[in-house]
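K.L.:
got a sequence here, can you model it:
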Amino acid sequence: MNSSLITTTLGTYTFLANFHKTTLALHLMFLNSFSPLIKGTGQGVLMIPTLLTATSVFIIAFIAAPPVDIECLVSLPILYI
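P.N.:
Reported below is the predicted structural model:
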């Protein structure tokens, strides 16, 4: 094989690996700076609406879920037709 081709290929892999590491680092920096705003008790402006939304969606999903018996079959007679 041509050594310049190997070098170019390895250089491309190195570039892509470094690019992905940099992109991942930027995402982690953003998440690390944003998550205390949501989770922190001092920031009730964001935490309280987030908790209320999550709680209400959970309750609605629990009520709207179809009844299921122990064998994981939906217990509605109309579906057995």
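K.L.:
please identify the helix or strand for I48.
P.N.:
Per DSSP states H and E, I48 falls inside helix 44-64.
K.L.:
low-confidence ranges in the chain?
P.N.:
Applying pLDDT under 70 to the chain flags residues 1-22, 38, 41, 43-44, 69-81.
K.L.:
tally of neighbours for L46?
P.N.:
14 (other CB atoms under 10 Å). Bear in mind the C-beta positions are built from the backbone N, C-alpha and C, glycine included.
K.L.:
ok, it touching P36?
P.N.:
No. L46 is not in contact with P36 according to CB atoms under 8 Å; the separation is 10.0 Å.
K.L.:
give me the common contacts of those two.
P.N.:
Common contact partners of L46 and P36 (CB atoms under 8 Å, 6 or more residues apart in numbering): none.
K.L.:
and the helix holding I48, what does it pack against?
P.N.:
helix 3-39 (3 or more CB pairs under 8 Å, 6 or more residues apart in numbering; DSSP states H and E).
K.L.:
and F62, how many neighbours?
P.N.:
As a burial measure, F62 scores 8 neighbours (other CB under 10 Å).
K.L.:
for it, give its distance to L51.
P.N.:
Distance, F62 to L51, using CB to CB, to the nearest Å: 16 Å.
K.L.:
got it, and P66?
P.N.:
P66 sits 27 Å away from L51, taking CB to CB as the criterion.
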